[in-house]
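*Asks:* for reference, the sequence and a predicted model appear below.
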Amino acid sequence: MKPQSFYLLTVFFMCLFVLKSQGIVLIIFSIFSILFSNNSTFFVLCIATKVSILENVGAFCRIWIEDSNHKRIAGDGKGHYRVCDTVSYNHIEFSDQEYYIVAKVLTSFEKQKRRGPFKGEHYCSIHGEVDSWDFDC
């Protein structure tokens with residue numbers, strides 16, 4: 001492994017640790033390291049976005065973030081439903097890019113709902129009952 005690869009991995013994990021521990025509010029720009037390789041200078045930039053979702057469904061739900069290629073990039077994993085019956089906010093943080101917000105309610109006859117595309121911080125609300133729920137963004 002080249003020394004440059006080691007430095008890039010180190011900076012990547014430092015970025016993840018800082019983003020996790022800081023409680024990001026909007027978008028944070030952090031330059032962690034300047035790496036020298038073949039007389040070139042590289043800057044590593046960590047950017048994050050936060051989505052807040054008000055949950056009041058009265059059922060189990062899962063909410064996740066997808067990129068433009070329909071790949072999950074953050075939020076609840078497949079099959080990981082959680083209680084969404086209290087009026088509370090779910091905060092999801094991920095890298096800054098164009099994204100879609102997807103919601104699904106367990107045992108509902110309604111299909112999952114996808115909203116977007118969005119760029120930057122965004123707020124949504126999921127509310128209703130198992131077979132009559134809305135997802136507003």
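*Replies:* Yep, that arrived.

*Asks:* correct me, but residue 131 touches residue 111?
*Replies:* No. Counting by CB atoms under 8 Å, residue 111 is not a contact partner of residue 131; they are 11.7 Å apart. Heads up, the C-betas are built off the backbone N, CA and C, glycines and all.

*Asks:* between those two, tell me which one has more neighbours.
*Replies:* residue 131 (11 against 7; other CB atoms under 10 Å).

*Asks:* tell me the spacing between the more buried one and residue 69.
*Replies:* From residue 131 over to residue 69 the distance is 31 Å, taken as CB to CB, to the nearest Å.

*Asks:* please apply the same query to residue 130.
*Replies:* Taking CB to CB, one finds residue 130 at 30 Å from residue 69.

*Asks:* who's more crowded, those two?
*Replies:* residue 130 (16 against 6).

*Asks:* lowest-confidence helix or strand of the protein?
*Replies:* One helix or strand of the chain scores below all others by mean pLDDT, DSSP states H and E: strand 30-37, with a mean of 36.

*Asks:* so what are the domain limits for the protein?
*Replies:* 3-46, 51-136 (automatic domain parsing).

*Asks:* which stretches of this structure form helices?
*Replies:* Using DSSP state H, the helices found in the chain span residues 3-22.

*Asks:* so where is it shaky, pLDDT-wise?
*Replies:* Within the chain, the stretches with pLDDT under 70 are 1-47.
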